[in-house]
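Enquirer: model the following, please.
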Amino acid sequence: MVDNAQLASLRHDFDRAGLSESDVNADPVEQFRSWLKTAIDSGIKDANAMTVSTVGADGRPSARVVLLKYFDADGFTFFTNYGSRKGRELDHNPAAEFHFFWPDLERQISIAGRVEKASHQLSEEYFLSRPLASRIGAWASQQSSEIASRKTLEERVEFYQNKFGEDVPLPDFWGGLTMKPDRFEFWQGRKSRLHDRLVYTLDGSGNWQIARLAP
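Expert: Next up is the predicted model:
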C-alpha cells in the first residue's frame, strides 16, 4: 500500500542537460523535430505519445493519451473517432493542448493551438495504412459511448469483419484532427527544480518569439 509519506519522499534531481536560448532552433517545429528524434533514437517506447487536453461544453477539462502521427509546418495531427469525447469537445471548443513527457531525457514539450479536421485525403491515406484489425476496430467501436459488455464489442467486430472482409473503407466518422500551434514550451529538467523553460509565441507579424519562463 502506498501512503502519503512514501509519495512525498519520491524524488530525484534532474542533471542530464541544460537548455539555453542559443541551443534552440528559431523554428519551434524544427526544435520539436530535433527533440522527438532524440527521444526515438534513445529507444523511448511510444516516443510519439502525447496527452491531449480539451474542454467540454460544461467547462470541465479532460485529457487522454494518443499518438502523434503527422506533423509539419502546417500542424500536428492525430487520428480518432470524431464522435468520441475528445472529438465532440474539440467540435465545440477547438482550443487544445498537446503534452509530451520523456522522463528518461528529463524533457517535456507543451504545444497549444486550435484544432480542425484534417483533409479527407490525409485521413484516408493513414487509415488505409493501418493493420486490418485496427481498421475493423475503428468501425466496431462507437468510441466513448456506453456498451453493455465486452461481448457486445466483439460481436460488432465480427459483424464488420464479415461485412468488409479485407476491403475496409474509411468511416465518415473517423479521421485526423490537426492542431495549428500558436505556442510551444520546451522544458528541460535541472538541479534543485530550477528547470529551464523556453516558450515560443507568435507575434502580430506571424513570427516566433522566444522567452524564458521561471521554473
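
Enquirer: using PDB, list the CA coordinates for whichever strand in the chain runs longest.
Expert: Secondary structure assigned by DSSP state E gives strand 174-188 as the longest strand of the chain. What follows is strand 174-188, C-alpha atoms only, in PDB (Å, rounded to 0.1, in the frame of the first residue of the first chain):
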ATOM      1  CA  TRP A 174     -13.200   8.700 -38.300                       C
ATOM      2  CA  GLY A 175     -10.200  10.700 -39.300                       C
ATOM      3  CA  GLY A 176      -7.500  13.200 -38.500                       C
ATOM      4  CA  LEU A 177      -7.500  16.200 -36.200                       C
ATOM      5  CA  THR A 178      -4.800  18.800 -36.800                       C
ATOM      6  CA  MET A 179      -3.600  21.400 -34.400                       C
ATOM      7  CA  LYS A 180      -2.200  24.700 -35.800                       C
ATOM      8  CA  PRO A 181       0.100  25.700 -32.900                       C
ATOM      9  CA  ASP A 182       0.400  29.300 -31.600                       C
ATOM     10  CA  ARG A 183       2.500  28.400 -28.600                       C
ATOM     11  CA  PHE A 184       5.300  25.900 -27.800                       C
ATOM     12  CA  GLU A 185       7.100  25.300 -24.500                       C
ATOM     13  CA  PHE A 186      10.300  23.300 -24.200                       C
ATOM     14  CA  TRP A 187      11.100  22.100 -20.600                       C
ATOM     15  CA  GLN A 188      14.400  20.700 -19.600                       C
END
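
Enquirer: so which elements touch it?
Expert: When contacts are defined as 3 or more CB pairs under 8 Å, 6 or more residues apart in numbering; DSSP states H and E, strand 174-188 sits against helix 28-41, strand 75-81, helix 85-92, strand 107-117, helix 120-129, strand 196-202. Using the backbone N, CA and C atoms, a C-beta is placed for each residue, glycine as well.

Enquirer: for the last one, which positions count as buried?
Expert: It stands for strand 196-202. By 16 or more other CB atoms under 10 Å, the buried positions in strand 196-202 come out as 196-201.

Enquirer: can you tell me what sits against it?
Expert: The contact list for strand 196-202 (CB atoms under 8 Å, 6 or more residues apart in numbering) reads 18-21, 24, 28, 31, 182-188, 190, 208-215.

Enquirer: kindly recompute the last result at 6 Å.
Expert: Around strand 196-202, the neighbours that count as contacts under CB atoms under 6 Å, 6 or more residues apart in numbering are 18-19, 28, 182-188, 190, 208-213.
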